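In: Below is the structure, and that's it, no one-letter string:
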């Protein structure tokens, strides 16, 4: 059992009081400057990565590249990380040579991983940038003033109510999104190896299908799996409903089934009331 | 799924098709990876909804108490703290311990250890909003957001810090960016409301605190918390409502008139608390007058010494010692209840009534009253002391919280507001998946059908009534009004549209008020004060009945004061009223002021002629006027010594 664990309520109160006292308040301007510096560094790194991903080996002039990167990052920051995906897709669309084998090598995997990581960072820019800024500012304070502001700054960089003593666990939790991203790339490469997307694979697939009673493989299996999935999804959806949701659903289904009759009844009553 | 995810999937699918057709492996791989990434994020989000969110536990502390009901005061700051915990299922299933609030949690060391062992966390991002009714005003300036990131902390720097120990390059960089970091010129995010909070970091517990100020007397229900759960990339969102209901009675504020007992000793014998010496003939102990003996006078009242000096039998007459009973007649008609909380005439009336009741009970005088509204008359028994005063306040608070007359017409604004209330309080019921609807071309009709479905579920309507709500405006308006009233909306659009003529309603109310007053006069004793708190300005031509009753009260030697609050929170102006501009609103305001002034002058003339003390405001001057009347009633004089307000 972790000895540093305390009651949540007292933890909240203690940390709030420390929040109010804040020994580092007199340095807040410098703290903000460090935050801004951290933010600028992050954007610079992102711009550099995007430039490499978009224009590596391209004959386009550096000034044009920078303008394009700036526009893409600006729109992405304002709207969504999808813009970065579109920019990279366009870059690949015009620059990538065709390959009839369609086999992704390690370079392609690395490229996709970095590209998706960049999209993920830009998509969650707001909260993540703040966290990184806090970490950066902490590190800078630690570097500049050895032992001076380390304790309060480190404490303040976490939300006051966080039971933050188990830092290892938290780091593991924070790694999960990036592992998911890596898994997506690996699964995509596996799927691409299996799907009949090249002429050779399509030929093999047809021959295999002809060999098993002229039925496209895995057509029948897909139908069975799809039906099973549909049943499972509907059943799990029904079981996840709350009582009021289920009542509402049943009520609306009943009304929909008998809508014309109920509508006639309602309109007749209304007409009678207005007439009478 | 949000628009972000939709756009990403669209671009990913388009890129995949292009990559496969053009045999560009990296393009296809990147697009397929992006698509699968969204799918994996969806699975993670669903797992979070299934396994993490049900373990969340919430607690609201209002003024450091978790009770599900209580009392608040108008104008006094209320501190609300919301706490959020991730709680293991084993703890959820345990029977609630002896806690003042069964929803609340008492965390012992053992529980916290179990919590720690279970490694439960609250993943980002969770937006919380404590739903606050309109009767409570959220105070923005005092918000305390526990996990506010450091980059947004307010700058209160005393002097800039010069990192002497830092390397030269870092110092130069800091110097370069420091002007950009100053909050004065920096564009910051729009400020959130104080009752909202965003949990954007991984944690196991959290809390935030904010303050509200009750605007008016009545009742306030804090229904629960609105949650918006989303993943870190904002691809998916889920809206939830966590019921955490706490209901409070809001007691009216009152003016402390100070010490009302005389500090100068004027009499040899002090009557007991609540008894006042009336300078009329009675059975008191103080001498009122001497007069000649009349056969029938009790022999013990003969003043023998005086009789001997005058050589004629003289009789002593003593003063009367009576309590001063204060009757408050409170008008709760339509015109007094219309408007936003804190701006209604009823709020001014409650303030004056509470202040008068406080002053009277402090002097030991019993206070009774009649609460009159369109529904009828409610009589309050005589109350004294602090307990009686609190009962009075509770009665006023309950009186202020009344349902409006049933609406018969439905307006688009009413429907929109009902939809937003449903989205706020019943987001799970508004989910389109649970509303199989017939085909409808117009979106307004679809909205109406969905709201009608939710209302049918909430109000337990039959399927026939549910379908009737689709087409019957009257039925739908009634149910919408019920929903909006339960959400704490005041008597104004969209909850209430004044279909009833305020003059007609006011005339009925004045008649009821007159009847109530005549009943009170019939049961009155010697020396009573009748305080009428009403809005006669909206129905001045229909006051004949009330004026007759007032005449009767005065004829029976009671004192009458009439307080007529005005909608402008000030007395009607006497000087020439000019509109501030030629805008329609200003012209209407000026016209209303002219009308009010004329009606007020007419009323004042009529009432002063009768001898009634009148005030056309709900301020402290009105309270002082009533207290002066009570003081006159206490010593039996007919006119005040000083200037009356």
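Out: Perfect, thanks for sending it. Keep in mind that what you see is a predicted model, and the values were worked out from it rather than measured.
In: all contacts plus neighbour counts: C-alpha atoms, from now on.
Out: Noted.
In: low-confidence ranges in the stretch 51-200 of chain A?
Out: A:125-131, A:140-173 (pLDDT under 70).
In: go with 80
Out: Filtered on pLDDT under 80, the stretch 51-200 of chain A yields the residue ranges A:56-58, A:60, A:77-81, A:97-105, A:123-176, A:194-200.
In: what's the answer for the stretch 401-550 of chain B, then?
Out: Residues of the stretch 401-550 of chain B meeting the criterion pLDDT under 80: B:403-409, B:435-444, B:491-509, B:524-527, B:536-544.
In: which parts of it sit against chain A?
Out: By CA under 8 Å from any CA of the partner chain, the residues of the stretch 401-550 of chain B that approach chain A are B:428-429, B:434-438, B:453-454, B:457, B:463-465, B:467-468, B:471-472.
In: Do a quick rundown of the helices in the stretch 251-400 of chain B.
Out: With helices called from DSSP state H, counting those that start in this stretch, the stretch 251-400 of chain B shows them at B:304-310, B:334-337, B:345-362, B:385-400.
In: before we move on, what about the stretch 1-150 of chain A?
Out: A:8-21, A:28-55, A:62-78, A:82-95, A:106-123, A:125-144, A:150-156.
In: The fifth one near chain B at all?
Out: Spelled out, that is helix A:106-123. Yes: looking at helix A:106-123 against chain B by CA under 8 Å from any CA, the contacts come from A:108, A:112, A:115-116, A:120, A:123.
In: before we move on, the earlier item: nearest to residue B:85, out of the helices of the stretch 251-400 of chain B?
Out: Minimum separation from residue B:85 across the helices of the stretch 251-400 of chain B (CA to CA) falls at helix B:385-400, 35.0 Å.
In: neighbouring contacts of the helix or strand following the closest one?
Out: Helices and strands here follow DSSP states H and E; after helix B:385-400, the next one along the chain is helix B:412-425. Contact with helix B:412-425 is made by B:131, B:226, B:241, B:430, B:447-448, B:451, B:454, B:480, B:483-484, B:487, B:493-495, as judged by CA atoms under 8 Å, 6 or more residues apart in numbering or on different chains.
In: quick check, distance from helix B:412-425 to the centre of its chain.
Out: 20 Å (CA atoms, centre = their mean, to the nearest Å).
In: In it, which residues are buried?
Out: For helix B:412-425, the neighbour count (16 or more other CA atoms under 10 Å in any protein chain shown) marks B:414-419, B:421-425 as buried.
In: What is the helix or strand following that helix packed up against?
Out: Later in the chain than helix B:412-425, the nearest helix or strand by DSSP H and E is helix B:443-458. Using 3 or more CA pairs under 8 Å, 6 or more residues apart in numbering or on different chains; DSSP states H and E, the elements in contact with helix B:443-458 are helix A:243-257, helix B:412-425, helix B:463-471, helix B:473-486.
In: returning to that earlier point: if you compare the helices of the stretch 251-400 of chain B, which one is most tucked away?
Out: helix B:345-362 (a mean of 26; mean count of other CA atoms under 10 Å in any protein chain shown).
In: neighbours around residue A:66, how many?
Out: 15 (other CA atoms under 10 Å in any protein chain shown).
In: Now for the residue lying closest to it once chain neighbours are set aside: which residues touch it?
Out: The shortest distance from residue A:66 to any non-neighbouring residue, by CA to CA, 6 or more residues apart in numbering or on different chains, is to residue A:51 (7.4 Å). Counting by CA under 8 Å, 6+ apart, residue A:51 touches A:65-66, A:69.
In: Which member of those is positioned nearest chain B?
Out: Closest approach to chain B among the contacts of residue A:51 (CA to the nearest CA): residue A:69, at 19.0 Å.
In: Now do the residue nearest the centre of chain B against residue A:103, distance only.
Out: By CA atoms, centre = their mean, chain B has its centre lying nearest to residue B:135, at 3.1 Å. Look at residue B:135 and residue A:103: by CA to CA, to the nearest Å, they are 66 Å apart.
In: Could you do residue B:554 as well?
Out: For residue B:554, the distance to residue A:103 equals 105 Å [CA to CA].
In: same thing with residue B:415?
Out: Residue B:415 is 57 Å from residue A:103, by CA to CA.
In: which of the contacts of residue A:51 lies closest to residue B:607?
Out: residue A:69 (80.6 Å).
In: Tell me if I'm right that that closest one and residue A:47 touch.
Out: Yes: contact criterion CA atoms under 8 Å: residue A:69 and residue A:47 qualify, at 6.4 Å.
In: more crowded one of these two?
Out: Each of residue A:69 and residue A:47 has its neighbours counted (other CA under 10 Å); residue A:69 has more, 22 against 18.
In: which ones are touching the more buried one?
Out: Listed by CA under 8 Å, 6+ apart, the contact set of residue A:69 reads A:47, A:50-51.
In: go on, residue A:78?
Out: With CA under 8 Å, 6+ apart, residue A:78 has no contacts at all.
In: SS state for residue B:532?
Out: At residue B:532 the chain is in strand, as set by DSSP: H, G, I helix; E, B strand; the rest coil.
In: Contacts only, for it.
Out: By CA under 8 Å, 6+ apart, the contact list for residue B:532 reads B:328-331, B:560-563.
In: Just list whatever residues bridge to it.
Out: In this entry, residue B:532 is beta-bridged to residue B:329, residue B:562, by DSSP bridges.
In: now it: how far from residue B:507?
Out: Computed as CA to CA, the residue B:532 to residue B:507 distance reads 15 Å.
In: likewise residue B:457?
Out: 40 Å.
In: Over to residue B:459?
Out: With distances taken as CA to CA, residue B:459 is found 35 Å from residue B:507.
In: avg pLDDT for stretch B:245-259?
Out: The pLDDT scores in stretch B:245-259 average 83.
In: Nice, that's everything, thank you.
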